[in-house]
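A.B. asks: Requesting a structural model of the entry that follows:
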Amino acid sequence: MDQEKEYGQEQLKRKGKNVQLISIIGEVEGHEQLASGMKATKYEHLLPQLAKIEDDEEIQGVLIIINTVGGDVECGLAIAEMIAGLSKPTVSLVLGGSHSIGIPLAVAADHSFIVETGTMVVHPVRMDGTFIGVCQTFRYFRKIQERINRFVTCHSGITEERFTELMNETEIMTKDVGSILVGKQAVEEKIIDETGNLNQALKKLYGMIQQDGMTEKR
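C.D. replies: Coordinates of the predicted model:
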């Protein structure tokens, strides 16, 4: 239990309903360890916890709190696939931001919220400013980008064409390519389901659990 708290996980209970809280904060750390002192969510910690949640009959739903600058694309996408594969109701809430690979993490839930001041940054896959000099690397990046685009469009209402437009926008970010979406803009673009706060996210999740329980009884 102490280890779960260290990883930003808690169990919430209301009227007999058990919800697992998961937080994805800082940078998504993948196969390479980040510098000391940096806030990070380690995928090797989160994957087994998600498997444990799926296997635990007492946990009825999952609330995912997100405030991330992005991070390792492969590992972030692996976490998103795990969240999307849970059989229990899931709700995500974007707080400060859900940038880059944070977008698939947010839309992986059954229902997604973003606070009014929350931001999402849509941009193409890149490798920390490393110069790309061979066509094989370009093809590899394109394949990764296709996987991200497919995941986002399958788990949200945005079309792949529109997502690509936002990703390749050149007039919004001064020194980069991409788009910054704030609160309602993410909802208007049909990436996030609705704006809301913690109370609304929990209310939605408990309602989904209630509905799920009624369906099982029929």
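
A.B. asks: what residue ranges in this structure score low on pLDDT?
C.D. replies: Flagging of the chain using pLDDT under 70 yields the residue ranges 1-10, 15, 31-38, 126-138, 173-175, 213-218.

A.B. asks: which stretches of it form strands?
C.D. replies: Using DSSP state E, the strands of the chain run over 9-14, 17-29, 40-42, 61-71, 90-98, 111-114, 119-122, 179-182, 194-195.

A.B. asks: I'd like those strands laid out as JSON lines, including distance to Gln210.
C.D. replies: Every C-beta, even on glycine, is put in place using the N, C-alpha and C of the backbone. As requested, these are exported to JSON lines (distance: least, Cβ to Cβ, whole Å):
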{"stretch": "strand 9-14", "distance to Gln210": "11"}
{"stretch": "strand 17-29", "distance to Gln210": "8"}
{"stretch": "strand 40-42", "distance to Gln210": "30"}
{"stretch": "strand 61-71", "distance to Gln210": "10"}
{"stretch": "strand 90-98", "distance to Gln210": "13"}
{"stretch": "strand 111-114", "distance to Gln210": "14"}
{"stretch": "strand 119-122", "distance to Gln210": "29"}
{"stretch": "strand 179-182", "distance to Gln210": "31"}
{"stretch": "strand 194-195", "distance to Gln210": "19"}
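
A.B. asks: Mind checking these for the one nearest to Glu146?
C.D. replies: Of all those, strand 119-122 sits nearest to Glu146, with 15.1 Å by Cβ to Cβ.

A.B. asks: Which neighbouring elements make contact with that closest one?
C.D. replies: On a contact count with 3 or more Cβ pairs under 8 Å, 6 or more residues apart in numbering; DSSP states H and E, strand 119-122 meets strand 90-98, helix 102-107, helix 160-167, strand 179-182.

A.B. asks: what residue lies at the spatial centre of this protein?
C.D. replies: The residue lying closest to the centre of the chain (Cα atoms, centre = their mean) is Leu105, at 1.6 Å.
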